[in-house]
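Undergrad: Using only what follows, build the 3D model:
(one chain, ligands or ions: 1)
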Amino acid sequence: MGAQIIDGKAFAAQVREKVAGHVAHLRQAHGVTPGLAVVLVGEDPASQVYVRSKGKQTVETGMNSYEHRLDASTGEAELLALIEQLNSDRDVHGILVQLPLPAHLNEDLVINAIAPEKDVDGFHISNVGRLATGQKAMVPCTPLGCLMMLREHHGSLSGMNAVVVGRSNIVGKPMAQLLLRDSCTVTIAHSRTKEIEEVTRRADIVVAAVGRPEMVTGDWIRPGATVIDVGINRVDAPEKGTNEDGSVKTRLVGDCHFESCAEVAGAITPVPGGVGPMTIACLLANTVTACCRMHGLAEPEGLTA
Ligand SMILES: Nc1nc2c(c(=O)[nH]1)N[C@@H](CN(C=O)c1ccc(C(=O)N[C@@H](CCC(=O)O)C(=O)O)cc1)CN2
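TA: Below is the predicted model of the structure:
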């Protein structure tokens, strides 16, 4: 393995430290405590873990955490009424609705009901448009985390060739916008891209966000390129044996085949411990940013796009 490992866990800890420092300053100098409201509908086990972790880290960094857990059968009107209440609550600076929502709820409708200035996920159509047109926006947490790691690793990204594999609204598209804003030459590749390996082989930076386990292999990567793996896929791991109930044990893998990519790349993020931890750290950063913007205060340095 030749590649340097980009340690997202350690980098996320640094981001949280910066967030905590700025929160302490806001409280002492301005008497303001940022507050984050997280809404979870239903009992999806992974979502429950993420929401618990968000609440814990919010409190650990000195902010107020407001958790709203709603039954899986909650109707749209009830959810929208809660969002309306949080929109007008002056103690709440950030609002996040954990995704995925149960199938009977319209995700776009719900997200667009959040006040754009409190939309710490950066998913509201107004923030999407502002990002695309180079205006001040709330930026989606996962792409923001990737950008922070790339800036830390490379310094300037100006003039680099970046290929984003995946075109989702949550990661692929905003990632491409952020790289463009940092003056990269950006290509978005996807499942229909012809000779995709040749496209990625031209890249100085490959961001893989397709949701397909280990799709990107070492022969897709230009020697020395930086690989950011956004995928978090749980796959069977028969080599680890079975659980007490007889089911096969599992392991997490990214969208990149780690071993073969790491042979060729100059730097790579692992899964787990790469992009994932940065997602929650950037949520905390966005909450502080939203709070500062709402109160007309200086934004923390190094925590925004
Ligand atoms: N409203 C939102 N919903 C969802 C988002 C989001 O950004 N906003 N992202 C994901 C889930 N997510 C946060 O919500 C998230 C996913 C993964 C991790 C993480 O740290 N992963 C670890 C591995 C964890 C494990 O062992 O299972 C890692 O990669 O090291 C954090 C947050 C979907 N929903």
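
Undergrad: Can you classify the residue of the stretch 51-200 of the chain at minimum distance from the ligand as helix, strand or coil?
TA: For the stretch 51-200 of the chain and the ligand, the shortest gap (Cβ to the nearest ligand atom) falls at residue 99, measuring 3.6 Å. Every C-beta, even on glycine, is put in place using the N, C-alpha and C of the backbone. Here residue 99 is coil, with the state taken from DSSP: H, G, I helix; E, B strand; the rest coil.

Undergrad: what's the nearest residue to it once chain neighbours are set aside in contact with, if anything?
TA: Excluding the flanking residues, the one nearest residue 99 by Cβ to Cβ, 6 or more residues apart in numbering is residue 107, at 6.7 Å. Residue 107 sits next to 99-101 when contact means Cβ atoms under 8 Å, 6 or more residues apart in numbering.

Undergrad: For the ligand, give me its nearest residue in this protein.
TA: residue 276 (2.0 Å).

Undergrad: The closest residue to residue 125 other than its chain neighbours: neighbour count?
TA: Computed as Cβ to Cβ, 6+ apart, the closest residue to residue 125 that is not its neighbour in sequence is residue 112, at 5.5 Å. Residue 112 has 16 neighbouring residues, counting by other Cβ atoms under 10 Å.

Undergrad: ok, residue 112 to residue 288 distance?
TA: Separation of residue 112 from residue 288 (Cβ to Cβ, to the nearest Å): 24 Å.

Undergrad: re the thing from before, residues contacting the residue of the stretch 51-200 of the chain closest to the ligand?
TA: 47, 107, 170.

Undergrad: Now, those residues that are in strands?
TA: With strands taken from DSSP state E, there is no overlap with the contacts of residue 99.

Undergrad: any idea which helix or strand carries the residue of the chain closest to the ligand?
TA: helix 275-295 (DSSP states H and E).

Undergrad: Can you name every helix or strand that that helix contacts?
TA: Packing contacts for helix 275-295, counted by 3 or more Cβ pairs under 8 Å, 6 or more residues apart in numbering; DSSP states H and E, involve helix 8-30, strand 35-41, helix 45-60, strand 94-97, helix 141-154.

Undergrad: Deepest-packed of the ones you listed, please.
TA: strand 94-97 (a mean of 27; mean count of other Cβ atoms under 10 Å).
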